[in-house]
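J.: Turn this into a structure:
(one chain, ligands or ions: 1)
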Amino acid sequence: MKKLLATKMILVEELVDSIKGRLLDKIVKDQGSIYKKSPRFCPECDSKDVVGVEIMGARNEVLLWECEDCYEMFLKYEAEETELDLQEAKSYWTNKNDWGCIPRSKQN
Ligand SMILES: [Zn+2]
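T.: Residues are numbered from 1 along each chain as shown. Alright, predicted model coming up:
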């Protein structure tokens with residue numbers, strides 16, 4: 001059986017202790033490697049537990065990969081593209097009115 005890609009959804013502020021400055025530098029160590037598809041093994045520790053991470057307020061799909069063992073994060077898109085998405089998403093949590101406005105059920 002094919003294993004479904006596990007994903008989780010989080011806020012930018014859960015990833016960084018401060019949303020000032022370039023966010024990607026606080027999240028992804030290796031910004032030179034891009035994994036279009038989920039890496040089968042964590043490039044850092046060889047764990048198989050790599051999940052997709054959706055960032056609330058960013059795009060409605062996986063933006064980053066995260067290893068559930070070493071918590072290292074990896075890029076799915078170009079670093080600059082990802083940074084732009086993160087910058088856009090960081091204001092999301094402050095707009096409480098936005099909460100619940102885009103439930104997944106309405107995306108169909
Ligand atoms: Zn790992």
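J.: What residues sit buried inside the helix or strand of the chain at the bottom of the mean pLDDT ranking?
T.: Using mean pLDDT, DSSP states H and E, helix 12-15 stands out as the lowest-scoring helix or strand of the chain, at a mean of 90. Buried residues in helix 12-15, counted by 16 or more other CB atoms under 10 Å: 12, 15. No exception for glycine: its C-beta is placed from N, CA and C like everyone else's.
J.: what's the following helix or strand after it?
T.: Later in the chain than helix 12-15, the nearest helix or strand by DSSP states H and E is helix 24-27.
J.: close to the ion, is the longest strand seen in the chain?
T.: Looking across the chain with DSSP state E, the single longest strand is strand 50-55. No. Using CB under 5 Å from the ion, strand 50-55 stays clear of the ion, coming no nearer than 7.4 Å.
J.: Centre of the chain to the helix or strand following that strand, how far?
T.: For strand 50-55, the following helix or strand on the C-terminal side (DSSP H and E) is strand 64-67. Chain-centre distance of strand 64-67: 7 Å, with CA atoms, centre = their mean, to the nearest Å.
J.: same thing with stretch 50-60?
T.: In this view, stretch 50-60 has its centroid 4 Å away from the chain centroid, taken as CA atoms, centre = their mean.
J.: So which residues make contact with it?
T.: 5-12, 15, 38-42, 61-68, 73-74, 76, 85-86, 88-93, 98, 107 (CB atoms under 8 Å, 6 or more residues apart in numbering).
J.: Now the terminal residues of it, how far apart.
T.: From its first residue to its last, stretch 50-60 covers 19 Å (CA to CA, to the nearest Å).
J.: got the buried residues for it?
T.: Those would be 50, 52, 53, 54, 55, 56, 57, 58, for stretch 50-60 by 16+ other CB under 10 Å.
J.: from these, which is closest to the ion?
T.: Nearest to the ion among these: residue 50, at 7.4 Å, using CB to the ion.
J.: what's the pLDDT at the closest one?
T.: Residue 50 is assigned 96 on the pLDDT scale.
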